[in-house]
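>>> The amino acid sequence is not available; the structure is as follows:
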């Protein structure tokens, strides 16, 4: 085959590919620019009532972008890839050239076909074929085969795409920043649709405790209308409220809604601007739905823990109260870096707070525990029941930072531990006189609910200093014994050489086993021994003996009278019955 003819046909094929590429790309660009422009206009004009915000929703914009890209892809395939992949062969190009150049009169196609291997029939003359090729080459020297491929289409397509690009650039420049925002939205950015009025700030999604009021605010930029509109959507009903300007904040509009009992959705419209759809969630404040109260008695009582109902907190003063509760919703753990615990128990009366610790595995559970987290000691568990405590209130904070409000105050009645009782046995002879050196037996008893810890003898001479003498006992709930009080061990009062003439006052006390604040009691009234001389002691005793004997005379006289009456009765009765 002639290299000259092959080269000229290759040039035609190349121009065909270039024209197809240019026309296809220009057409795709024009369609893309026009489609994006149309989407921007539709997006700006749209205000779908069911959409969360003004303009086309993001999902719809995504679908439009996918359709645009699909259309552009189809154009590129049909106008660029397909023509290049199915480019015409030499014979097709030769026929196209001959239609454009009739002077060849079939020579070009013949030269192409006869030059192919095994194209000549048997008996054909090769010399004639070579002569045909030379004539064809001679005729093609001054002819431009590429003219058969027109470039008008690519020029029109490129001009259209360029014109649309210029118009788009001018329109964007003139209408910015609104046009820039719309362009960004077309490329799936989440910028709000530009309006004459723009909502810069809004309350957004809110969680509010049930039964409380809420103020929804929105701040406008651009043209500021006299009032705005708040649309509230409940599950079964809708309301529309007027939003008035806030005189204290420039450009802010506000509407208060009282007594929120149900969740709702809302949108705000200010002039031509409409916010996206927000929600107000009506939620319960955190509160305990069950409380377990355990009284931990002091160790000296040797008593087990006592469960209590929250409404029946009659506790021993000095005990500790362990609380375990379950809340109606997940709680926010206390921050160890903060000095004040957000979940806490407040003791009324003494006005002190104690932390509640949220369970790590179930954040609806909380309870009291030792400040020393690694120690499980009886005395360090729970909350100390301090004197003056009258009640407790539980404050909880949920994970939305909502705190308990006006919690129930549970009454606490603290009962101080009763003091031990002690007394001197009634069968003991209470002497009021004694001699120096005498030993006085004191028979006593003592009782305490949790155990008597100690018994002591106390005495003083002539209202002098008090002296204490421990009384040996065996500790227990009931203690009794006899203590020998030896006056020989008692020192005379100041300025005296002996106890004679002095009064020794003595009494007993008993204390319980509480090591921190032991309770005690004493015998009442105090006993008093008047110390006299031996002679005086005997005289007083003899006088006392005579007095006691005198008390027997009436008894003897009565007995004599009874004896006389009985004798008279026997004599009289015997005389009347004798035969």
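Arrived safely, thanks for sending. From a predicted model like this one, the values you see are computed outputs, not experimental measurements. Numbering: from 1, shown residues only.
>>> And the helices in the chain, which stretches?
Taking DSSP state H as the test, the helices found in the chain are 3-45, 58-76, 82-85, 90-100, 107-114, 126-140, 152-175, 178-186, 534-550, 553-577.
>>> The third one packs against which elements?
In terms of contact count using 3 or more Cβ pairs under 8 Å, 6 or more residues apart in numbering; DSSP states H and E, helix 82-85 is assigned the packing partners helix 3-45. The C-beta positions use only the backbone N, C-alpha and C, and glycine is treated the same way.
>>> What is the helix it packs on packed up against?
helix 58-76, helix 82-85, helix 90-100, helix 107-114, helix 126-140, helix 152-175, helix 178-186.
>>> List the buried residues of the shortest one.
It stands for helix 82-85. residue 83 (16 or more other Cβ atoms under 10 Å).
>>> Number the chain from 23, please
Yep, numbering from 23; the last one is helix 104-107 now.
>>> Run through who's touching it.
38-39, 42-43, 46 (Cβ atoms under 8 Å, 6 or more residues apart in numbering).
>>> Nearest to residue 470, out of the helices and strands packed on helix 25-67?
When the helices and strands packed on helix 25-67 are compared by Cβ to Cβ, helix 80-98 sits nearest residue 470, at 79.4 Å.
>>> tell me which residues of the closest one are tucked away?
For helix 80-98, burial by neighbour count (16+ other Cβ under 10 Å) applies to 82-83, 86-87, 90, 94, 97-98.
>>> again with stretch 540-554
540-541, 543-545, 549, 551-554.
>>> for that stretch, what is the average pLDDT?
Across stretch 540-554, pLDDT averages out at 84.
>>> Can you give me the end-to-end span of that stretch?
Counting by Cα to Cα, to the nearest Å, you get 38 Å between the two ends of stretch 540-554.
>>> thinking in terms of the whole chain, how far from its middle is that stretch?
Taking Cα atoms, centre = their mean, to the nearest Å, one finds stretch 540-554 lying 62 Å from the centre of the chain it belongs to.
>>> picking up where we left off before, now the contacts of helix 104-107: which count as buried?
Applying 16+ other Cβ under 10 Å to those flags 38, 42-43, 46 as buried.
>>> Rebuild those residues as CSV, extending it with pLDDT and distance to residue 571.
Below are the buried ones among the contacts of helix 104-107 laid out as CSV (pLDDT from 0 to 100; distance: Cβ to Cβ, whole Å):
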residue, pLDDT, distance to residue 571
38, 84, 163
42, 86, 157
43, 89, 154
46, 89, 152
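>>> any idea which of those residues is closest to residue 455?
When the buried ones among the contacts of helix 104-107 are compared against residue 455 (criterion: Cβ to Cβ), the nearest one is residue 46, at 139.4 Å.
>>> OK, contacts around the closest residue in space to residue 47 that isn't next to it in sequence?
Sequence neighbours aside, residue 102 is the residue nearest to residue 47 in space, at 6.5 Å (criterion: Cβ to Cβ, 6 or more residues apart in numbering). If you count contacts by Cβ under 8 Å, 6+ apart, residue 102 has them with 42-43, 46-47, 50.
>>> residues near the nearest residue to residue 460 once chain neighbours are set aside, how many?
Closest residue to residue 460 apart from its sequence neighbours, by Cβ to Cβ, 6+ apart: residue 509 at 5.0 Å. A total of 19 residues lie near residue 509 under the criterion other Cβ atoms under 10 Å.
>>> Quick check: the gap between residue 509 and residue 172.
148 Å (Cβ to Cβ, to the nearest Å).
>>> what's the answer for residue 330, then?
Taking Cβ to Cβ as the measure, residue 330 falls 102 Å from residue 172.
>>> Looking at the two now, which is surrounded by more residues?
residue 330 (17 against 10).
>>> Quick check: beta-bridge partners of that one?
residue 315 (DSSP bridges).
>>> got a list of what it touches?
By Cβ under 8 Å, 6+ apart, residue 330 lies in contact with 315-317, 336-337.
>>> same deal with residue 495?
Here residue 495 is in contact with 468, 474, 476-477, 501, 503 (criterion: Cβ under 8 Å, 6+ apart).
>>> Look at the residue nearest to residue 47 and report its pLDDT.
What the model reports for residue 102 is a pLDDT of 87.
>>> Residue 129 now?
68.
>>> repeat for residue 348
Reported pLDDT for residue 348: 95.
>>> what about the closest residue to it other than its chain neighbours, neighbour count?
For residue 348, ignoring the flanking residues on the chain, the nearest one in space by Cβ to Cβ, 6+ apart is residue 312 at 4.8 Å. Neighbour count of residue 312, defined by other Cβ under 10 Å: 11.
>>> Distance check, residue 312 against residue 456.
67 Å.
>>> got any ranges where the stretch 273-422 of the chain has weak pLDDT?
The model of the stretch 273-422 of the chain has pLDDT under 70 over residues 392-402.
>>> So which residues of it form strands?
274-279, 286-292, 295-296, 300-305, 310-318, 328-330, 335-338, 342-349, 366-370, 374-377, 379-380, 387-389, 405-406, 413-417 (DSSP state E, counting those that start in this stretch).
>>> what's the closest of these to residue 78?
Per Cβ to Cβ, nearest to residue 78 of the strands of the stretch 273-422 of the chain: strand 295-296, 13.1 Å.
>>> Tell me which other helices or strands the closest one touches.
Against strand 295-296 (3+ Cβ pairs under 8 Å, 6+ apart) you get strand 219-224.
>>> Tell me which residues of the strand it packs on come out buried.
Of all the residues in strand 219-224, those buried under the rule 16+ other Cβ under 10 Å are 219-221, 224.
>>> Give me the packing partners of it, helices and strands only.
The elements that strand 219-224 packs onto, with contact taken as 3+ Cβ pairs under 8 Å, 6+ apart, are strand 236-244, strand 286-292, strand 295-296.
>>> average model confidence for the longest strand seen in the chain?
Assignment by DSSP state E gives strand 461-483 as the longest strand of the chain. Regarding strand 461-483, the rounded mean pLDDT is 90.
>>> for stretch 54-74, same thing?
Averaged over stretch 54-74, pLDDT sits at 85.
>>> and that stretch, how far out from the chain's middle?
That offset, for stretch 54-74, works out to 43 Å (Cα atoms, centre = their mean).
>>> ok, now stretch 369-387?
Put simply, stretch 369-387 sits 13 Å off its chain's centre (Cα atoms, centre = their mean).
>>> got a list of contacts for it?
345-356, 362-363, 365-368, 388-391, 405, 408-416, 418, 421, 431, 434.
>>> For those residues, which ChimeraX command selects only the ones that are buried?
Here is the ChimeraX selection string for the buried members of these, based on 16+ other Cβ under 10 Å:
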select :345,346,347,349,351,353,354,355,356,363,365,366,367,368,388,389,390,391,405,411,414,415,416,418,434
